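*Asks:* need a structure here:
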Amino acid sequence: MSVSENQAPTFILVDGHSMAFRSYYGFAKSRDGGLRTTTGIPTSVCFGFLKSLLEVMATHEPEYMAIAFDLATPTFRHEADETYKAGRVETPEDFIPDLKNLQELLTYFNLPAFTAPGYEADDVLGTLANKASAAGYRVKILTGDRDLFQLVETEKQISVLYLSTDELRRSGKGKSQEYGPEEVKAKLGILPAQVIDYKALCGDKSDNIPGVKGIGDKTALQLLEAYNTLDGIYAAIDQLKGATKKKLEEGKEVAYHSQRMATIIQEVPLEVNLEDCQLIGFDEAALIPMLEKLEFKTFLTKVKQIQKRFGGAEESSAADSVTDLTDVTDGSSAADSVTDLTDVTDGSSAADFVADLTDVTDGGSAADFVPHLTDVTDCG
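*Replies:* Predicted coordinates for the structure are as follows:
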């Protein structure tokens with residue numbers, strides 16, 4: 001199906017593992033070491049993910065949504081390079097059941113989740129973005145991974161909703177910033193189309209992509225400013241001098257290998273009907289037991305409002321109409337959020353919540369093959 005240009009409904013794609021790890025490590029840094037129910041069920045991932053998702057939905061009002069996850073199996077990148085993502089720390093034990101509960105929770109919201117054997121979630125997101133853009137949707141990718149910046153393109157109406165760790169540290173909220181080409185250029189010093197070649201030159205430590213030995217961030221930026229692409233750089237290699245020329249000549253094979261490793265595939269064989277991703281609401285009777293299991297008291301009191309956010313029929317009572325989602329979405333004050341969270345987290349303090357979703361690091365192991373919250377400015 002294609003949609004007319006004047007309609008351009010918003011289609012939000014969610015980087016599942018990126019948001020899950022961001023949520024987990026935000027709460028794992030709190031005084032009590034993460035959120036749990038009174039029965040001991042870990043809930044940091046579920047709570048942080050749902051809270052951030054609602055904030056994004058309140059701001060961007062999508063009509064369509066889909067989520068991509070990684071599989072715990074090797075991808076074509078691991079087959080091409082056995083050192084890919086080597087050296088990562090083990091995934092924390094309590095992350096795994098929390099992630100499983102999250103994936104179950106998302107089914108109750110009627111949110112489709114996609115995976116693809118042999119590919120990463122980034123590739124699934126790139127493919128879905130390409131399909132949705134071609135069908136006339138305005139696509140926004142929610143992620144904490146700068147790798148996805150390479151997909152940003154004005155003509156295709158594809159942008160990235162980036163969850164900045166710095167912003168989370170300052171505000172304690174899961175707010176995202178929308179990035180188009182100009183914003184990417186301002187933040188990284190390169191255009192979205194140059195992200196891949198940047199990594200080809202200086203690598204990516206988080207994914208163990210080597211890049212050209214001895215080429216760092218500043219040199220990579222200078223080369224791309226002068227010659228635009230990796231191909232352009234090598235076409236003009238005779239114009240270069242000294243150590244930089246020598247490094248590029250010796251590292252040419254590695255550079256193109258790194259380029260291939262950093263490229264998000266946009267033609268993953270996915271069977272998807274985009275209309276199946278339309279937000280149509282959910283069965284409240286099916287959702288409520290899961291929220292009760294996770295002891296999400298704040299969300300339980302807001303089911304009617306959440307239903308409306310997810311495209312369901314509005315059946316709010318007079319009491320419901322007095323309040324809205326502000327205390328679990330982006331309209332809340334710090335005090336409101338702290339007050340609400342004490343009900344959900346079984347006694348977490350105000351300080352715990354103000355640090356909500358902060359200090360994000362990566363917990364993915366080589367065995368789990370989860371995406372790193374990549375910083376494109378790290379150079380090999």
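*Asks:* give me every residue that touches Leu142.
*Replies:* Applying Cβ atoms under 8 Å, 6 or more residues apart in numbering, we find Leu142 in contact with 12-15, 19, 53, 56, 161, 163, 176. Quick note: C-beta positions are derived from backbone N, CA and C, even for glycine.
*Asks:* Correct me if wrong, but it is in a strand.
*Replies:* Yes. The assignment for Leu142 is a strand, going by DSSP: H, G, I helix; E, B strand; the rest coil.
*Asks:* For it, give its distance to Thr59.
*Replies:* In this structure, Leu142 and Thr59 are separated by 11 Å, where distance is defined by Cβ to Cβ, to the nearest Å.
*Asks:* Over to Ala236?
*Replies:* As defined by Cβ to Cβ, Ala236 lies at a distance of 44 Å from Thr59.
*Asks:* likewise Ala116?
*Replies:* The separation that Ala116 has from Thr59, given Cβ to Cβ, amounts to 29 Å.
*Asks:* between these two, who's got more neighbours?
*Replies:* Set side by side, Ala116 and Thr59 show more neighbours around Ala116, with 19 against 15, by other Cβ atoms under 10 Å.
*Asks:* mind checking pLDDT for the more buried one?
*Replies:* We note a pLDDT of 97 for Ala116 in this prediction.
*Asks:* need the contacts of Leu142 in a markdown table with pLDDT, can you?
*Replies:* Written out in a markdown table, the entries for the contacts of Leu142 read as follows (pLDDT from 0 to 100):
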| residue | pLDDT |
| --- | --- |
| Ile12 | 98 |
| Leu13 | 98 |
| Val14 | 98 |
| Asp15 | 97 |
| Met19 | 92 |
| Leu53 | 94 |
| Val56 | 94 |
| Leu161 | 96 |
| Leu163 | 85 |
| Ser176 | 84 |
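*Asks:* what about the helices in the stretch 101-250 of the chain?
*Replies:* Per DSSP state H, counting those that start in this stretch, the stretch 101-250 of the chain has helices spanning 121-134, 165-171, 181-188, 195-202, 217-227, 230-235, 242-250. These are given in chain order.
*Asks:* OK, contacts around Lys241?
*Replies:* Counting by Cβ under 8 Å, 6+ apart, Lys241 makes contact with nothing.
*Asks:* got it, and Phe149?
*Replies:* Residues in contact with Phe149, defined by Cβ under 8 Å, 6+ apart, are 160, 162, 179, 184, 188, 192, 195, 376.
*Asks:* The same query, at a cut-off of 7 Å, please.
*Replies:* Counting by Cβ atoms under 7 Å, 6 or more residues apart in numbering, Phe149 touches 160, 179, 184, 188, 192, 195, 376.
*Asks:* Give me the pLDDT value at it.
*Replies:* Model confidence at Phe149, given as pLDDT, is 98.
*Asks:* For Thr219, see how far away it is.
*Replies:* Distance, Phe149 to Thr219, by Cβ to Cβ: 20 Å.
*Asks:* Pipe the contacts of Leu142 into CSV and attach neighbour count and distance to Leu106 per row.
*Replies:* As requested, these are arranged in CSV below (neighbours: other Cβ atoms under 10 Å; distance: Cβ to Cβ, whole Å):
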residue, neighbour count, distance to Leu106
Ile12, 25, 13
Leu13, 32, 14
Val14, 25, 9
Asp15, 29, 13
Met19, 27, 11
Leu53, 23, 9
Val56, 24, 14
Leu161, 23, 18
Leu163, 26, 18
Ser176, 23, 18
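*Asks:* What residues does the closest residue to Asp283 other than its chain neighbours make contact with?
*Replies:* By the measure of Cβ to Cβ, 6 or more residues apart in numbering, the closest residue to Asp283 outside its immediate chain neighbours is Tyr108, 7.2 Å from it. Contacts here follow Cβ under 7 Å, 6+ apart; on that basis Tyr108 touches 282, 286-287, 290.
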